[in-house]
Structures are given as C-alpha cells and as structure tokens.
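Undergrad: test case, fold it:
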Amino acid sequence: MATPFLHAISISKIYPGSTGSGLKLTSLEIEPGKITAIIGASGSGKSTLLSLIYGLQSPDTGEVLFKGDRIWGPEEKLIPGHDAMKMVTQAEDDLNLFAKVRDNVSVLLPNTDIRAKMDKTEQVLKQLNMLHLGDKRVADLSGGEKQRVAIARALVTQPEVLLLDEPFNQVDTSFRDGLQDDIRQIVKDTGLTVVMVSHDPAEVLSMADTLIVLKDGEIIEAGHPKKIYNDPLYLYTARLLNNCNVLNANEAELCSITAKKEWVMLYPEWIEARDSWAGSKWTVKQVLFKGFYEELLIENDGVTLRILNGHPGKFIEGSRVKIKIGRYLEY
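TA: Numbering: from 1, shown residues only. Have a look, this model is predicted:
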C-alpha cells in the first residue's frame, strides 16, 4: 500500500475556554499536485487545521504525517514549520518593506551560486507575472502586489506544499483572478500541492480540486467543489457557498413547493422570473445591477427571494412577475 503524501490521523486541538473552539478529532488526506480548499464559518477551525498541518502547533491528540514521517511541532523544532512546506498569510511581517521586490524574493536562496540564485528569482517573478515589479520597493506596492510578493517569496525555494491562509483578502477582484490563474498554472507545471483556507466562495469554487467543509471544529463534508455546490449535504454548506434563499415549509408553499422537511433551499440561479398576464404574484422590490446580469429581490406576502436575471433591463422595480423553480433542496 502506497504511503499517503500528507495525512492527518485523529488530530485535535482544543483551546481553553467555555466556547471550546479549535479542532475536534479529525482525519484527512491531502492529494499531491492538487489544490485543496478548506472553508467554514469564523471559528470553525480552518486556520488551526492549517497550522497543525504545517507544524506551527502541536495537536493535543493524533499526528500529521508527511510522506510517512511525523511533522514536528514547535516543542521539538527550533524554527516551527516543515522544511518542505511554506505558508503565506494575510500578514506582511516577513517582507522587507524598504527593499526591492527582487531582493525580498531572493533572500531565502543561498549565495553559493549567485547566477542560479538570480535565475531562480527571475523564473518565479515571471511565473507570477511580476517582472515589471522587480525593482520597486515593497513599501510602494499595493496590498495585492505585496501579497503576490509574499507568494513569490514562498515559491522561490520550491516547496512541495504551499499553505495559504486567506491569501487574497487584500487583493482586488481583477488582480485576484490573475493571481489565482498563475497559481493554478504553477500547480499544473510543477506538481506543487496547495492547501488553502478561504471564506470566499468565488475563490474555492474556481481554484480548488477538493473542498473540505469545517463546522464547529469538525469536517462535515469533502469532495469536488462542483459536486458539493450542486448537492450540499448540509444547509450550512449551501450558505457558505452562496447567498441562497432559505424558506420554512409555510414560506415554500408560496413557491408551489410542498416541503417534507423543515427548510427549503434555493440558489438564486434556480429561480426564473417571467412576465405573465396570469399568476404574477411576485413584485420586484429591488433591481441590483451586476454588469452582464442583475439580482432581483422579489416579494410575495412578506416573503423575499433573491434571484438572478440574465437580461438586464427586462424588469423594473414594481413589476409583477411569476416565477419558475428549476430546482430546490430540503433540509
């Protein structure tokens, strides 16, 4: 039987206090050469799990194995963190703000071969589309550019595992999309393994090969992002991944849904608004322009639904519409 690449076995880490926050008994296996994303509400244990994988903390129980060898914690290792891994967080503490980008990236490489050091630095800057920033001081960069420098600095030593803790929080949307594309390409080209923590569904759904959902310190579901998005086992997961509509059984009847369970969940894209002379029981209360599409807030008898409209301008506030439900889930 092959040795798992990165394997957590029955690990836990509970912090003192009445809330019992941290990570409960957890086991998982990280697949090499893939991007694994960990999501969950605030306080669900995401960052704790990441720090246990890296060796920044020691588990109360269990162990984390990298290629069959136990990862040492801070009590056993002078400089915490596994040598084959690098972690990037939201903080910029490791960056020298008054040094050039190129110097910040190259500083972790040895001086035994200056030419090789320069070449490797240039290669990483090119991979992350940062060559034009090489001679700028970090202090003169935007928050998103600084985050890109931190990732380049982590990648220049060619780690086998890159750990990202909320890495794109300070990055604007257009910049973030480019950075995500670059990381995916590096994973494809080099076989790098990425484990990331995020609260943003747009990040995890577009980047991850595997999604792990944490709730109150426990993994409640894991799998391919598309599968989990379309068929979440828990209402909690659906709410993490989308600003979805949640109705009780009585409210669901307004949508011609006879519920057998307590809650009905509908993603906005599962509902279509239609013009009709008959059966137009819903009123458009608000139209939210989103560029090539709109979000409509429609209301009927005190119940509000959020739906998507792919034809901007078709409906105006005050319009009467009927709805067609393509799909729903019950919990």
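Undergrad: checking my notes, Val204 in a helix, right?
TA: Yes. Counting by DSSP: H, G, I helix; E, B strand; the rest coil, Val204 is located in a helix.
Undergrad: so how many other residues sit close to it?
TA: Val204 has 26 neighbouring residues, counting by other C-beta atoms under 10 Å. In this view, the C-beta of every residue, glycine as well, is placed from N, C-alpha and C.
Undergrad: flag the shaky bits of the chain, pLDDT-wise.
TA: In the predicted model, the chain carries pLDDT under 70 at residues 18-20, 92-93, 170.
Undergrad: so where do the helices sit in it?
TA: The residue ranges that make up the helices of the chain, judged by DSSP state H, are 46-54, 101-106, 114-127, 143-155, 173-190, 201-207, 225-230, 235-241, 249-252.
Undergrad: residues of the shortest one that come out buried?
TA: For helix 249-252, the neighbour count (16 or more other C-beta atoms under 10 Å) marks 251-252 as buried.
Undergrad: what sits up against that helix?
TA: Applying C-beta atoms under 8 Å, 6 or more residues apart in numbering, the set of residues contacting helix 249-252 from outside is 258-259, 261-262, 264, 303, 328.
Undergrad: just the buried subset of these, please.
TA: Under a neighbour-count criterion of 16+ other C-beta under 10 Å, the subset of the contacts of helix 249-252 counted as buried comprises 259, 264, 303, 328.
Undergrad: which residues are in contact with the second one?
TA: Neighbour list for Val264: 246-249, 251-252, 255, 257, 328-331 [criterion: C-beta under 8 Å, 6+ apart].
Undergrad: need these in CSV with distance to Leu109, can you?
TA: What follows is the contacts of Val264, written out as CSV (distance: C-beta to C-beta, whole Å):
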residue, distance to Leu109
Val246, 51
Leu247, 57
Asn248, 59
Ala249, 62
Glu251, 60
Ala252, 60
Cys255, 60
Ile257, 60
Tyr328, 55
Leu329, 51
Glu330, 56
Tyr331, 52
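Undergrad: now flag whichever of the residues you listed is closest to Glu31.
TA: Ranked by distance to Glu31 (C-beta to C-beta), the contacts of Val264 are led by Leu329 at 27.6 Å.
Undergrad: over to Arg5: give its phi and psi.
TA: If you look again at residue 5, you'll see it is Phe, not Arg. Backbone torsions of Phe5, given as degrees, to the nearest 10, read phi -70, psi -60.
Undergrad: alright, calling it a day.
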